[in-house]
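1. Structural data only, the sequence is not supplied:
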């Protein structure tokens, strides 16, 4: 089944590791006809925006999803980060378990979505500590 995506003027998207930008002055429609990793600009976390343990997890999952060539390296980094996060905040175990289940099953996009929720949970925990 094809995936139809509409991009606003200037909006970026990553498809299969390639960064694509709609340079037109209007809306652009793309149809992805095969299975390829796709990330819209709103879901992309830039390396400069990684500022917390859970955002580091999100970033490495993002790399696992779009950079399959280096999956082993990203996977090793993911499991090291998981250990660090759980040592610092055991209350995140349930969230991390769900994410990790998707990682183990190769469902990186689903893991990425849950990692976004984990960042929100992390911010909530930080607010309560303050």
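-> On my side now, so go ahead. Model, not experiment: these values are computed from the prediction.
2. pLDDT at the nearest residue to residue 116 once chain neighbours are set aside, what is it?
-> Leaving out its chain neighbours, the residue that sits closest to residue 116 by CB to CB, 6 or more residues apart in numbering is residue 58, at 6.5 Å. Just so you know, the C-beta spots here come from the backbone N, C-alpha and C atoms, and that holds for glycine as well. Among the per-residue scores, residue 58 shows a pLDDT of 98.
3. mind listing what residue 58 touches?
-> Counting by CB atoms under 8 Å, 6 or more residues apart in numbering, residue 58 touches 45, 50, 112, 115, 116, 118, 119.
4. so what pLDDT did the first one get?
-> It stands for residue 45. For residue 45, the pLDDT comes out at 93.
5. what number of residues lie near it?
-> Neighbour count of residue 45, defined by other CB atoms under 10 Å: 19.
6. ok, it touching residue 54?
-> No: if you go by CB atoms under 8 Å, residue 45 and residue 54 don't touch, sitting 10.7 Å apart.
7. Who does residue 30 form a beta bridge with?
-> Beta-bridge pairing of residue 30 under DSSP bridges involves residue 5.
8. who are the neighbours in contact with it?
-> Listed by CB under 8 Å, 6+ apart, the contact partners of residue 30 are 4, 5, 6, 7, 13, 15, 20.
9. Contacts only, for the first one.
-> Each residue near residue 4 by CB under 8 Å, 6+ apart is listed here: 29, 30, 31, 32.
10. do the third one as well
-> Taking CB under 8 Å, 6+ apart as the contact definition, residue 6 lies against 27, 28, 29, 30.
11. got the contact list for the longest helix anywhere in the chain?
-> Using DSSP state H to define each element, the chain has its longest helix at helix 108-129. By CB under 8 Å, 6+ apart, the surrounding residues in contact with helix 108-129 are 37, 39, 43, 52-55, 57-58, 61-62, 64-65, 89, 91-92, 95-96, 98-100, 102-103.
12. domain assignment for this structure?
-> Residue ranges for the domains of the chain, per automatic domain parsing: 3-43, 47-129.
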